[in-house]
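Undergrad: sequence and predicted structure, then a few things I'm wondering about:
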Amino acid sequence: MGTQRVIQGTVVSDKMQKTIVVSVQRKKKHRLYHKVVTVTERFKAHDEDNTCKLGDVVRIQECRPLSRDKRWRVVEVLTRGDVAEIAPETIGREIEVTAQVAPKSEVQE
(Lines give C-alpha, C1' and ligand atoms only; values in the text may rest on other atoms or scores of the structure.)
Protein backbone atom coordinates (compact mmCIF):
# COMPACT_ATOMS: atom_id res chain seq x y z
CA MET A 1 0.00 0.00 0.00
CA GLY A 2 1.26 3.50 -0.85
CA THR A 3 1.71 6.41 1.49
CA GLN A 4 -1.42 7.98 2.88
CA ARG A 5 -1.81 11.72 2.35
CA VAL A 6 -2.42 13.96 5.36
CA ILE A 7 -3.98 17.39 4.77
CA GLN A 8 -5.34 20.23 6.87
CA GLY A 9 -8.61 22.07 6.33
CA THR A 10 -11.65 23.78 7.82
CA VAL A 11 -14.94 22.05 8.68
CA VAL A 12 -17.69 23.61 6.54
CA SER A 13 -20.50 21.14 7.33
CA ASP A 14 -21.24 18.81 10.24
CA LYS A 15 -24.91 18.01 9.52
CA MET A 16 -24.37 14.29 8.83
CA GLN A 17 -23.87 11.59 11.43
CA LYS A 18 -20.19 10.65 11.86
CA THR A 19 -19.32 12.61 8.70
CA ILE A 20 -17.94 16.10 8.20
CA VAL A 21 -17.13 18.10 5.07
CA VAL A 22 -13.66 19.65 5.12
CA SER A 23 -12.71 22.52 2.80
CA VAL A 24 -9.04 22.65 1.77
CA GLN A 25 -7.59 25.64 -0.07
CA ARG A 26 -4.37 25.60 -2.07
CA LYS A 27 -2.62 27.95 -4.48
CA LYS A 28 -2.03 26.82 -8.05
CA LYS A 29 -0.53 28.59 -11.03
CA HIS A 30 -2.83 28.70 -14.06
CA ARG A 31 -1.42 26.64 -16.92
CA LEU A 32 -2.02 29.20 -19.68
CA TYR A 33 -2.21 32.59 -17.95
CA HIS A 34 0.38 31.93 -15.18
CA LYS A 35 -1.78 33.66 -12.61
CA VAL A 36 -1.86 32.23 -9.08
CA VAL A 37 -5.38 30.93 -8.43
CA THR A 38 -6.89 29.69 -5.17
CA VAL A 39 -8.39 26.22 -5.64
CA THR A 40 -10.88 24.98 -3.03
CA GLU A 41 -11.54 21.25 -2.62
CA ARG A 42 -14.15 19.66 -0.38
CA PHE A 43 -13.56 16.26 1.22
CA LYS A 44 -16.00 14.14 3.21
CA ALA A 45 -14.23 12.72 6.25
CA HIS A 46 -15.21 10.17 8.90
CA ASP A 47 -15.62 11.61 12.42
CA GLU A 48 -16.14 8.60 14.68
CA ASP A 49 -17.07 10.51 17.87
CA ASN A 50 -18.94 13.45 16.26
CA THR A 51 -16.54 15.85 18.02
CA CYS A 52 -15.88 18.22 15.11
CA LYS A 53 -18.02 21.33 14.81
CA LEU A 54 -18.46 24.00 12.16
CA GLY A 55 -15.36 26.21 11.79
CA ASP A 56 -12.88 23.76 13.36
CA VAL A 57 -9.48 23.37 11.73
CA VAL A 58 -8.77 19.64 11.43
CA ARG A 59 -6.12 17.30 10.07
CA ILE A 60 -7.49 14.45 7.93
CA GLN A 61 -5.76 11.35 6.58
CA GLU A 62 -6.50 9.30 3.50
CA CYS A 63 -7.86 5.80 4.20
CA ARG A 64 -9.75 2.95 2.56
CA PRO A 65 -13.18 3.75 1.08
CA LEU A 66 -15.71 4.01 3.92
CA SER A 67 -18.68 4.86 1.68
CA ARG A 68 -19.35 6.12 -1.83
CA ASP A 69 -17.85 9.55 -1.08
CA LYS A 70 -15.80 9.08 2.12
CA ARG A 71 -12.12 8.24 1.75
CA TRP A 72 -10.71 10.34 4.60
CA ARG A 73 -10.77 10.14 8.40
CA VAL A 74 -10.17 12.78 11.07
CA VAL A 75 -6.77 12.44 12.74
CA GLU A 76 -6.97 15.42 15.12
CA VAL A 77 -8.71 18.71 15.76
CA LEU A 78 -6.10 21.49 15.62
CA THR A 79 -8.21 24.50 16.67
CA ARG A 80 -11.83 25.00 17.60
CA GLY A 81 -13.92 27.34 15.46
CA ASP A 82 -15.76 30.39 16.78
CA VAL A 83 -19.31 30.19 15.46
CA ALA A 84 -22.07 32.39 16.87
CA GLU A 85 -24.78 30.32 18.52
CA ILE A 86 -27.86 32.52 17.96
CA ALA A 87 -31.27 30.94 17.74
CA PRO A 88 -33.24 31.90 14.61
CA GLU A 89 -36.27 32.80 16.74
CA THR A 90 -34.27 35.49 18.55
CA ILE A 91 -33.11 37.07 15.31
CA GLY A 92 -36.64 37.15 13.89
CA ARG A 93 -38.11 38.79 17.00
CA GLU A 94 -35.59 41.63 16.97
CA ILE A 95 -36.46 42.42 13.37
CA GLU A 96 -40.20 42.39 14.09
CA VAL A 97 -39.85 44.73 17.08
CA THR A 98 -37.71 47.33 15.28
CA ALA A 99 -39.67 47.33 12.00
CA GLN A 100 -42.59 49.75 11.84
CA VAL A 101 -45.05 50.13 8.99
CA ALA A 102 -45.92 53.68 7.89
CA PRO A 103 -49.61 54.53 7.40
CA LYS A 104 -50.89 54.51 3.80
CA SER A 105 -51.56 58.26 3.72
CA GLU A 106 -47.88 59.07 4.43
CA VAL A 107 -46.59 56.61 1.84
CA GLN A 108 -48.61 58.08 -1.05
CA GLU A 109 -47.31 61.65 -0.60
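TA: Structure's in. What do you need?
Undergrad: what is the burial count for Gly9?
TA: By other Cβ atoms under 10 Å, the residues close to Gly9 number 24. In this view, the C-beta of every residue, glycine as well, is placed from N, C-alpha and C.
Undergrad: now swap in His34 and tell me
TA: 7.
Undergrad: now Arg80
TA: Neighbour tally, Arg80, other Cβ under 10 Å: 12.
Undergrad: wait, doesn't Leu78 sit right on Cys52?
TA: No: look at Leu78 against Cys52 with Cβ atoms under 8 Å: they stay out of range, at 10.7 Å.
Undergrad: and for Asp82, the neighbour number?
TA: Asp82, neighbours per other Cβ under 10 Å, totals 8.
Undergrad: let's verify it: helix, strand, or coil?
TA: coil (DSSP: H, G, I helix; E, B strand; the rest coil).
Undergrad: the more surrounded of Leu78 and Cys52?
TA: Cys52 (21 against 12).
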